[in-house]
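Trainee: Coordinates only, no sequence provided:
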């Protein structure tokens, strides 16, 4: 899917995104950020920050920059930043495959529900690894192709619908992590039968 | 301020990954190497190559 189509889809989502997705996405986002080893002064990049569902979970003692392709989604995130006086957080529009930060700019990168909605997930991971410092933490929350027969069947049924709304469900977790070159410390799902994986990794350079 | 010094220190042109700076009006971020201006719209910097304008 091309970037322009993705922009249009998410501009359309921006008004209903929280109502539709908060229930599904927020528990895992909250869990993953809570278990990140965030230290005072850490600089954190939130890739695909969207409407800012994750922002209130980050501790106030770290500095967060949230990026998203969709400016419409970011407007919603900005409303949350202003309403909650989250002065430690900034948002900007960027393409996750072509990031506008210098090398080694961040201590940690949080990337939730992104790698299956972009044209090239490996380009995204290459940029994530470039802007994250050596030894920094990379945390991924995402759906990957399931090995469970029940979920696999559900995926096959919903795959055409997913493709239409800009999601792919055929990305294999282990292959993705191998190709990304991350040093995986932990990977798990919150429930035995879940659609989403949580991955904690270290950025070795 | 939307783009403070701390943020400017880590920002780079998404195209060449080189230095960028705020323009005089403070409504855009300039890459002199690529001759591009990335706009700041409603206090949100838009660091997308296809939405940048040519630097005069």
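Mentor: Structure's in. What do you need? The structure displayed is predicted, hence computed values, not measured ones. Numbering: from 1, shown residues only, chains lettered A, B, ... in the order given.
Trainee: Return the residues of chain A in contact with chain B.
Mentor: A:3, A:43, A:63, A:65, A:67, A:69, A:71, A:74-75, A:78, A:90-95, A:98-103, A:105-106 (C-beta under 8 Å from any C-beta of the partner chain). (Glycine included, C-beta is placed from N, CA and C.)
Trainee: how does it look with 7 Å?
Mentor: Within chain A, the positions lying close to chain B (C-beta under 7 Å from any C-beta of the partner chain) are A:71, A:74-75, A:78, A:90-95, A:98-102, A:105.
Trainee: what does chain B put close to chain A?
Mentor: B:7, B:10-14, B:17, B:41-49.
Trainee: What is the most widely separated pair among the residues you listed?
Mentor: Using C-beta to C-beta, the pair of the residues of chain B next to chain A lying farthest apart is B:17 and B:42, separated by 26.0 Å.
Trainee: Between those two, tell me which one has more neighbours.
Mentor: residue B:17 (19 against 10; other C-beta atoms under 10 Å in any protein chain shown).
Trainee: OK, contacts around the more buried one?
Mentor: Contact analysis of residue B:17 by C-beta atoms under 7 Å, 6 or more residues apart in numbering or on different chains lists residue A:102.
Trainee: how about 10 Å then?
Mentor: A:98, A:99, A:100, A:101, A:102, A:103, A:127, A:130, A:131, B:31, B:33 (C-beta atoms under 10 Å, 6 or more residues apart in numbering or on different chains).
Trainee: secondary structure element for residue A:151?
Mentor: helix A:149-164 (DSSP states H and E).
Trainee: Which strands and helices lie in contact with that helix?
Mentor: strand A:132-143 (3 or more C-beta pairs under 10 Å, 6 or more residues apart in numbering or on different chains; DSSP states H and E).
Trainee: just the angle between the strand it packs on and helix A:149-164, please?
Mentor: 100 degrees (axes from the mean of the first three to the mean of the last three C-alpha atoms, to 10 degrees).
Trainee: For strand A:132-143, which strands pair with it and how are they oriented?
Mentor: strand A:106-112 (parallel), strand A:196-202 (antiparallel) (DSSP bridges).
Trainee: and it, how far from the chain's centre?
Mentor: Relative to its parent chain, strand A:132-143 has a centroid offset of 10 Å by C-alpha atoms, centre = their mean, to the nearest Å.
Trainee: if we can go back for a sec, among the contacts of residue B:17, which are located in strands?
Mentor: residue B:31 (DSSP state E).
Trainee: If we only consider the contacts of residue B:17, which is nearest to residue A:22?
Mentor: Once C-beta to C-beta is applied, the member of the contacts of residue B:17 that ends up nearest residue A:22 is residue A:99, at 26.4 Å.
Trainee: Just give the closest residue to the closest one, not the sequence neighbours.
Mentor: Nearest non-adjacent residue to residue A:99, counting by C-beta to C-beta, 6 or more residues apart in numbering or on different chains: residue A:127, 4.4 Å away.
Trainee: So the one you found sits against residue A:105, correct?
Mentor: No - in this structure, residue A:127 is not within contact of residue A:105 by C-beta atoms under 10 Å, at 11.2 Å.
Trainee: Show me whatever sits in contact with both of the two.
Mentor: A:45, A:99.
Trainee: So the residue nearest to the spatial centre of chain B, which state does it fall into?
Mentor: By C-alpha atoms, centre = their mean, chain B has its centre lying nearest to residue B:29, at 2.2 Å. Classification of residue B:29 using DSSP: H, G, I helix; E, B strand; the rest coil returns strand.
Trainee: Now for it: which residues touch it?
Mentor: A:92, A:100, B:3, B:8, B:11, B:13, B:20-23, B:36-40, B:45-47, B:52.
Trainee: can you check residue B:13 too?
Mentor: Here residue B:13 is in contact with A:100, A:102, B:19-20, B:29-34, B:36, B:38, B:47, B:49, B:52 (C-beta under 10 Å, 6+ apart).
Trainee: Just the buried ones out of these, please.
Mentor: A:100, A:102, B:20, B:29, B:30, B:31, B:34, B:36, B:38, B:47, B:49, B:52 (16 or more other C-beta atoms under 10 Å in any protein chain shown).
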